[in-house]
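Undergrad: quick one, what's the 3D model for this:
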Amino acid sequence: MRFSVLLLASALTAYSQPMDAPWFVSNLYPVLEKANCRTCHVTDGVAGPTNLVFPDAEASDAEREIFGLQLQRWVNPKSPADSLLRRKPTNRLKHSGGMRIAQNGPEEKLLEVWVNYLAGLSPQELLALTPPTPKRRVTAAETLRRLTHSQYNNTVRDLLGDASNPAAQFPPEDFINGFKNQIQGQNLSPLLAENYAAAAEKLAVSAVRRQAKELTFCKPTGPTDGACREQFIRKFGRRAFRRPLEAEEQNRYGRLFVAEAKRGNNFWSGIEATVEAMLQSPNFLFRLERTTNQKWKSYARASRLSYFFWDTMPDEALLTLAQAGKLDDAAGLEAQARKMLANDQSKVGLDEFIGQWFRFDRVTNQLKDRRLFPMFTRELALAMNEETRRFLHHLVWSNANFMEFVSASYSFVNADLATLYQFPAPAEPFAKVQFPAQSMRSGILTHGSVLVQTSKPVETSPTARGLFVREQLLCQHVPQPPPGVNTNLPEVKEDRPMTNRERLADHLTNESCASCHKLIDPIGFGLEKFDAAGRYQEKFVAHAAQGREEAKKGKVDLELPIDISGHVAGLRNSEFQNPPQLGKILSESDACRACVAKQVFRYCLGRTETRADQPVLDHALKAFTNSQFQFKELMIAIVTGSEL
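TA: So this is what the prediction gives:
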C-alpha cells in the first residue's frame, strides 16, 4: 500500500492543524481498513475480547467517527509515542497480528497525527465531540424464518402423525454462522419449492388414506358438510399456521374444500386438497419471528419457544396459552420456558443444537485411509457423535457446570470407543468412565468426534484443530488464506523426517501466513498426541512419501517425539503443556463463556449478534454465571431476554 506525496505532506502538516472525527474517517480509517485491522478487531474476530472493536462493514460515517474518538482509551496522554494505539499495529510492542502498519512509513505518520490529537483532548472535550450513537433498526428479514429440514420433519409428524421424514429428500442445507437455521441462508429456491410441493401432495394423500386422527375433528354428514368443513379448516389451519386463520383465509380454503369435495364426491377429497394447499403455504413453511400484528404476537412467541426448545410446532397447550395472553409478560414466558425444558421433547431440541454446533455431520462424512485406520468405520463415527451427545446431555440435564464441556475428566463410551481410547470396556454401552490420568484426555476437544473432523485422511491437522477452538469455542472468525498462497506442507521424506509442528514452521514465519497461523496452530499443537482417528500416540508417526522402488521395499514410517506445548493468543496466562491444561484455560476463559452464550443466541434467533443485542447477551451471560454455568438457565435467559 502506497500513499501519494501530497497525502503524506498533508499528514505531516496536520500536526499543527486542528483534527476532528471527520478527518479520522477520511484519512486514518482507510489506512486501518487496508491494514485489515477490522478482520480481527470485530465482535467475532480473534481480537474481539480486547474491546477494541471496529464498527460493522456497513457502518455510517457517524459510527466511524465515534469509533475514532473512542480510540483515546489506548492513548498515553503523557507520552503519545508510547501509546498502545501506535505501538501495537506497528509491532513495536508484540502484536498477535504482526506488523499491520509499516514503521516510519506514511501510514504511521497518519496514525501519529491521530494519536497526538487524542492525547490533547480532555475528557470534557471528548464528551462534547462525541456524537450520539445512531440507532439501528430491525430489518424486515428478521420477521420470518423458514422451517429447517428437521423442523419440517418434526412438524409434519406432530401435525399429521407422519414420521416418514420427507425433508431427508430435500436439497441439503448450508451452514452459515455455524448453523443451518440462519435467516440469511433461508431463501426458497425453485428446487426446494418443487420438493415442498411434491412432499405436500404425498403427505396429504397418506394422511387421508390413513384417515389420520389428526384430521378427524368431526363426523361429516355429506361431501360438503358445512359445519364439519368449517370446523376442520379452523382447527387444522390453526395448528398448521400456528395461529388462528383470518376470515378471508377461512373462506378461501372453504371454497377450495367445496370444489374438491364435489369433484371427488367425498368429504375426504376436500380434506386432502386443503391439507396439500396449506402445506405449501408460506404460513406453514415460514414461521413468524416478530410481527406488528397484535393479534399474532403471542402466537409468534409460542412458535419461537417451541421451535427453540422442541424443534417442532407448538402443541395445543402452548397455542391455548398464546390465545389467553399468558406469554405476554416476562413471568409467563419464563414459567412456560421452564415447563417446556422439563418435557422430554426438549432433549430432541438440544440434540439438534449440539449436532450443528459441534458439526456431527463432518464426523459421519469423514474419510480415513483404511490401511492406516482400519478401525475407523461408520459405526465408530456414529459412536463418537453419541459419546459427545451423551456427555453434553449429562452436563445440561444434571445441572452441572457446563464449562466442564472442555475440561471434564470423564466421558461416556461404548466398547468400541474404549478400545480406541485404550480404556477398559464399560459395564454397559455408553456408561460414564473416568479418564485415566495418563490418557491426556479432557473434555470434548479430546473426544473422537472433534479429533476426527479436524484431521485429514492420513494425518492430523493442528491448523484445523486450532481453527475449531477459535470458531466453535471462542466465536472468533479467522480469515481465509489470501488468494494464491500455497497451503501445502513440506513433504515428509525418509531422509527428512519432520513433525507437523516443524512442517508448519514456515506458516508461522511467512508474513502472508503468520498473522493467522500464529492464532490457530499453537492451539492445535496441544492435541498432536491424538492421531487422525482419535487414538493416543506417544510418538508422531510420519508416513514418508515413497517412490516406486521404495514402495517395493515396504512402507516407511518414522516415529518422532512430539512437543504439545502451546498457547491461546489473546487470552491471558494461556500457555499450556498438555490438553487438560488447555481445557482448564478455556473453561475459565471469559471469552469461551461468552461464546457459549453467543452460540445459543445465534441458534435461537437465527442470526449473528449485533451491538444492539449486547444487553440481551449481557443479561444471558450474567444468568449463566450466577447459576454456576447451568446451561438451562442460559437458554431461558436468551429466549426471555430476546422476546421482551
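Undergrad: all the helices of the stretch 451-600 of the chain, residue numbers only.
TA: Remark: helices assigned in the stretch 451-600 of the chain by DSSP state H, counting those that start in this stretch are 462-468, 500-503, 505-509, 511-524, 548-553, 579-587, 590-605.
Undergrad: so what does the last one touch, helix or strand wise?
TA: Under the contact criterion of 3 or more CB pairs under 8 Å, 6 or more residues apart in numbering; DSSP states H and E, helix 590-605 touches helix 297-309, helix 345-357, helix 614-626, helix 631-643. Glycine gets a C-beta too; all of them are placed from N, C-alpha and C.
Undergrad: for the last one, which positions count as buried?
TA: This points to helix 631-643. Using 16 or more other CB atoms under 10 Å as the test for burial, helix 631-643 gives 631-643.
Undergrad: against which helices or strands is it packed?
TA: helix 297-309, helix 330-341, helix 378-397, helix 590-605, helix 614-626.
Undergrad: quick one, the helix or strand that contains Thr155 and helix 297-309 angle?
TA: According to DSSP states H and E, Thr155 maps onto helix 149-160. Counting by axes from the mean of the first three to the mean of the last three CA atoms, to 10 degrees, helix 149-160 lies at 120 degrees to helix 297-309.
Undergrad: do you know how far the residue positioned nearest the centre of the chain is from Gln476?
TA: The centroid of the chain falls nearest to Gly178 when counting by CA atoms, centre = their mean (3.3 Å). Distance, Gly178 to Gln476, using CB to CB, to the nearest Å: 12 Å.
Undergrad: same thing with Asp158?
TA: 38 Å.
Undergrad: picking that back up, compute the inter-axis angle for the helix holding Thr155 and helix 345-357.
TA: 160 degrees.
Undergrad: outside of helix 149-160, which residues touch it?
TA: Contacting residues not belonging to helix 149-160 are listed as 147, 162-163, 165-168, 170, 173, 180-181, 203, 206-207, 212, 214-215, 239-240, 275, 279, 285, 307, 310-313, 315, 348, 352 [CB atoms under 8 Å, 6 or more residues apart in numbering].
Undergrad: still on that earlier bit, in CSV, list the helices of the stretch 451-600 of the chain along with mean pLDDT.
TA: Listed next are those as CSV, based on pLDDT from 0 to 100:
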stretch, mean pLDDT
helix 462-468, 97
helix 500-503, 88
helix 505-509, 75
helix 511-524, 84
helix 548-553, 47
helix 579-587, 98
helix 590-605, 97
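Undergrad: what's the closest non-adjacent residue to Arg86?
TA: In this structure, Arg86 finds its nearest non-sequential neighbour in Val115, 5.1 Å apart by CB to CB, 6 or more residues apart in numbering.
Undergrad: so which elements touch the host helix or strand of the one you found?
TA: Val115 is part of helix 106-119, with elements assigned from DSSP H and E. On a contact count with 3+ CB pairs under 8 Å, 6+ apart, helix 106-119 meets helix 5-13, helix 29-34, helix 84-87.
Undergrad: how far off centre is the last one?
TA: Right, helix 84-87. The chain centroid and the centroid of helix 84-87 are separated by 33 Å under CA atoms, centre = their mean, to the nearest Å.
Undergrad: could you name the helices and strands sitting against that helix?
TA: Helix 84-87 packs on helix 106-119, going by 3+ CB pairs under 8 Å, 6+ apart.
Undergrad: ok, the second one next?
TA: For helix 29-34, the contact count by 3+ CB pairs under 8 Å, 6+ apart identifies helix 106-119 as packing neighbours.
Undergrad: rewinding a little: single out the most deeply packed of the helices and strands packed on helix 631-643.
TA: Per-stretch averages of neighbours, counted by mean count of other CB atoms under 10 Å, single out helix 297-309 among the helices and strands packed on helix 631-643, with a mean of 24.
Undergrad: quick check: mean pLDDT of that one?
TA: The average pLDDT for helix 297-309 rounds to 95.
Undergrad: tell me where the stretch 201-350 of the chain has strands.
TA: According to DSSP state E, counting those that start in this stretch, the stretch 201-350 of the chain carries its strands in the segments 286-288.
Undergrad: quick one, helices of it?
TA: Under the criterion DSSP H, counting those that start in this stretch, helices of the stretch 201-350 of the chain are mapped to 226-241, 247-264, 267-279, 282-285, 297-309, 316-323, 330-341, 345-357.
Undergrad: buried residues, the longest one. List them.
TA: Using 16+ other CB under 10 Å as the test for burial, helix 247-264 gives 249, 253-254, 256-258, 260-261.
Undergrad: so which elements touch it?
TA: Using 3+ CB pairs under 8 Å, 6+ apart: helix 247-264 touches helix 226-241, helix 267-279.
Undergrad: in JSON lines, list those along with mean neighbour count, mean pLDDT and distance to Asn399.
TA: Listed next are these as JSON lines, based on neighbours: other CB atoms under 10 Å; pLDDT from 0 to 100; distance: least, CB to CB, whole Å:
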{"stretch": "helix 226-241", "mean neighbour count": "18", "mean pLDDT": "96", "distance to Asn399": "33"}
{"stretch": "helix 267-279", "mean neighbour count": "23", "mean pLDDT": "97", "distance to Asn399": "39"}
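Undergrad: who wins for proximity to Pro123 among the ones you listed?
TA: Taking CB to CB, helix 226-241 is the member of these nearest to Pro123, at 55.6 Å.
Undergrad: tell me what that closest one is packed against?
TA: Under the contact criterion of 3+ CB pairs under 8 Å, 6+ apart, helix 226-241 touches helix 247-264, helix 267-279, helix 282-285, helix 316-323.
Undergrad: do that again at 6 Å, thanks
TA: Packing partners of helix 226-241 (3 or more CB pairs under 6 Å, 6 or more residues apart in numbering; DSSP states H and E): helix 247-264.
Undergrad: now the helix it packs on, how far from the centre of its chain.
TA: For helix 247-264, the distance to the chain centre is 43 Å (CA atoms, centre = their mean).
Undergrad: tilt between that helix and helix 267-279?
TA: Using the same axes, to 10 degrees, the direction of helix 247-264 lies 140 degrees away from that of helix 267-279.
Undergrad: so for helix 247-264, mean pLDDT?
TA: Taken as a whole, helix 247-264 has a mean pLDDT of 96.
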